[in-house]
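> next come a sequence and a model predicted from it.
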Amino acid sequence: MRQKSIEVPGLSHHGAPIPTACRVGPILVTSRIMGKDPETGLMPADPEAQAVLCFENLKRVLAAGGMDLGDVVKLTVYLVSDSYRTAVNKPWNENFPDPAHRPTRDSLVMPLRGANLIQIEAWAVAKELG
């Protein structure tokens, strides 16, 4: 199956020609997903609100690709400060409450553009049919 680019209104990458995600067969890979409000285009100033919106935006992207959080197998979190890990843990635990069924996760501290304090990137594999 050929790849299919996935776009979600309000989640584009600064007008760059980069899709929000790409799906090939059962595999979907996202670009970095920001914690901005797709309705208003505004970025909250605090890391907790950005973390919550990152996960909400991830759900939007997955739904556009025909998947959900249960299909995520790998999540990478990008943080501008190591102290923001705790901001990510609350929505992480809310969205993946069962420790026996969580994706793997890495967190990387690095500079991010603009008002971004947190971004996430995911790999997902569609559930088997039948």
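Yep, it's here.
> ranges for the helices of this protein?
47-64, 85-95 (DSSP state H).
> which of those sits closest to Lys36?
helix 47-64 (6.4 Å; C-beta to C-beta). The C-beta positions use only the backbone N, C-alpha and C, and glycine is treated the same way.
> residues contacting Pro26?
Neighbouring residues of Pro26 by C-beta atoms under 8 Å, 6 or more residues apart in numbering: 125-126.
> any stretches of this structure with poor pLDDT?
Applying pLDDT under 70 to the chain picks out residues 1, 13-15, 128-130.
> strands of the protein, start to end?
For the chain, the strands defined by DSSP state E cover 4-6, 21-24, 27-30, 33-34, 72-79, 104-109, 118-125.
> for the third one, name the packing helices and strands.
Applying 3 or more C-beta pairs under 8 Å, 6 or more residues apart in numbering; DSSP states H and E, we find strand 27-30 packed against strand 21-24, helix 47-64, strand 118-125.
> check the shortest one too.
Using 3+ C-beta pairs under 8 Å, 6+ apart as the contact criterion, the neighbours of strand 33-34 among helices and strands are helix 47-64, strand 118-125.
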